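A.B. asks: prediction below, plus the sequence it came from.
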Amino acid sequence: MVDGCPPRLPLTTELIQRDLDRRRPGQSKLTTQRNEADRVEILSGVFEGQTLGSTITLLVRNADASPNAYEHLKDVYRPSHADFTTYAKFGIRNWQGGGRASARETVGRVGAGAIARLLLCSAANVQVLAWVRQIADIAADVDPEAITLDQVEAHPTRCPASDVAEAMAKAIEAARRDGNSLGGIVECVAKGVPAGLGEPVFDKLEADLAKAVLSIPATKGFEIGSGFGATTMTGRDHNDPFVPGTMGQPRTSSNRSGGVQGGISNGEDIVIRVAFKPTATIASTQDTVDNQNNPVALEAKGRHDPCVLPRAVPIVEAQVLLVLADHWLRQQATDVLPRNG
């Protein structure tokens, strides 16, 4: 359910479906082989192809669920999964899947993100694109300013560097055969973001972006701009010099800030990176305990991604889009009065 979307946006199921198709299971041999078409239905908030300004309700039905496949996990806590922590918090859990810790819930984020994409593109020509930068120790050195959607979608890994993508694919396949899994890094760029989005203290733009992407299952780290690399630089090396720009606004000649300064966008590309851990559920035997605290040798079964990175790309995009859409809408209220100079 999406609240706060402005009226009169030309919204169709086809537009939302494009993003959902990039996230869905079973799209390549590198992902889980669950067969979910993830067909979206719009139940409210749209009339004659336009948003009404009221709540938009999207529905995506599960078609290939297999709850009985989790029977052997009924009384067992899977290592590095949310089974134990969910029970510790609520005193009850649905063992027929991952529940709210499952990446299945991200289908709603991607659907909502498609609406945010439409709003930002229509109102401000903001473009958001993510790709796989690294899987395990295999990394691609790519220029965020030059990457296109066609390059990202050209390979099942969603790595735009074709030679590196093939090496990534082989590593994922090897991990699957070994009953193991791999992690990596998704990089994302937002182009055309106007200066002035974000708040100076508690709702800093980078803080909201970090919270949004770190809420995605399996995430472990967030960087913006120079990220942790800034710790080895001096201020002289790291600062982004201002230069005259167009439309009476300055630009920066470098972008180590990643498009955000003081919690507020500066008009440059926003560049972030998100670290994902290896998938928790693997086909190898692991030591754990059951809900009576007895040692158990777990042999997990089921249809799981050996690497979540390829399917995480549209999810990262969606979270970035939602944050930018919220801050863009806030800024419209800030700019109601004319400025001096």
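C.D. replies: Ah, there it is. Numbers count the residues shown, from 1 in each chain.
A.B. asks: for residue 326, give me phi and psi.
C.D. replies: phi -60, psi -50 (degrees, to the nearest 10).
A.B. asks: contacts only, for it.
C.D. replies: In this structure, residue 326 makes contact with 4, 208, judged by CB atoms under 8 Å, 6 or more residues apart in numbering. C-beta coordinates here come from the backbone N, C-alpha and C atoms, glycine included.
A.B. asks: buried set for stretch 158-176?
C.D. replies: 158-161, 164-165, 167-169, 171-172, 175-176 (16 or more other CB atoms under 10 Å).
A.B. asks: what's the helix-or-strand element of the chain with minimal mean pLDDT packed up against?
C.D. replies: Lowest on mean pLDDT, DSSP states H and E among the helices and strands of the chain sits strand 295-299, with a mean of 90. Secondary-structure packing of strand 295-299 (3 or more CB pairs under 8 Å, 6 or more residues apart in numbering; DSSP states H and E): strand 285-289.
A.B. asks: touching the strand it packs on from outside, list them.
C.D. replies: Contacts for strand 285-289 (CB under 8 Å, 6+ apart): 76-79, 295-300.
A.B. asks: redo those as a markdown table? Include distance to residue 58 and neighbour count.
C.D. replies: Below are the contacts of strand 285-289 laid out as a markdown table (distance: CB to CB, whole Å; neighbours: other CB atoms under 10 Å):
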| residue | distance to residue 58 | neighbour count |
| --- | --- | --- |
| 76 | 34 | 21 |
| 77 | 33 | 21 |
| 78 | 30 | 19 |
| 79 | 34 | 16 |
| 295 | 44 | 8 |
| 296 | 39 | 14 |
| 297 | 42 | 9 |
| 298 | 36 | 20 |
| 299 | 37 | 12 |
| 300 | 31 | 21 |
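A.B. asks: okay, those residues in CSV with distance to residue 277 next?
C.D. replies: Output for these, formatted as CSV (distance: CB to CB, whole Å):
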residue, distance to residue 277
76, 20
77, 17
78, 14
79, 12
295, 24
296, 22
297, 22
298, 18
299, 21
300, 16
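A.B. asks: in these, find the pair that's most separated.
C.D. replies: Spatial extent of these (CB to CB) is set by the pair 295 and 300 at 16.1 Å.
A.B. asks: ok so, going back, now do the least confident helix or strand of the chain against strand 285-289, angle only.
C.D. replies: 140 degrees (axes from the mean of the first three to the mean of the last three CA atoms, to 10 degrees).
A.B. asks: quick one: distance of strand 295-299 to the chain centre.
C.D. replies: How far strand 295-299 lies from its chain's middle: 32 Å, per CA atoms, centre = their mean, to the nearest Å.
A.B. asks: what residues sit buried inside the helix or strand where residue 21 lies?
C.D. replies: Using DSSP states H and E, residue 21 sits in helix 13-23. Within helix 13-23, the residues scored as buried using 16+ other CB under 10 Å are 16-17, 19-20, 22-23.
A.B. asks: can you check stretch 249-266 too?
C.D. replies: 251-252, 255-261, 263-266.
A.B. asks: nearest to residue 197 among the residues you listed?
C.D. replies: The nearest member of the buried residues of stretch 249-266 to residue 197, counting by CB to CB, is residue 265 at 4.3 Å.
A.B. asks: quick one: low-confidence ranges for the chain?
C.D. replies: 26-29, 31-34, 302-303, 341 (pLDDT under 70).
A.B. asks: could you pull out the helices for it?
C.D. replies: Per DSSP state H, the chain carries helices over the ranges 13-23, 83-90, 106-124, 149-153, 162-177, 205-214, 235-238, 309-334.
A.B. asks: so which of those is the most surrounded?
C.D. replies: Across the helices of the chain, averaging neighbours per residue (mean count of other CB atoms under 10 Å) puts helix 309-334 on top, at a mean of 23.
A.B. asks: what angle do that helix and helix 162-177 make?
C.D. replies: 120 degrees.
A.B. asks: relative to helix 13-23, how tilted is helix 309-334?
C.D. replies: Using the same axes, to 10 degrees: helix 309-334 against helix 13-23 is 130 degrees.
A.B. asks: burial check on residue 100, number of neighbours?
C.D. replies: Burial measure for residue 100: 12 neighbouring residues, criterion other CB atoms under 10 Å.
A.B. asks: name all residues that make contact with it.
C.D. replies: Applying CB under 8 Å, 6+ apart, the residues near residue 100 are 82, 86.
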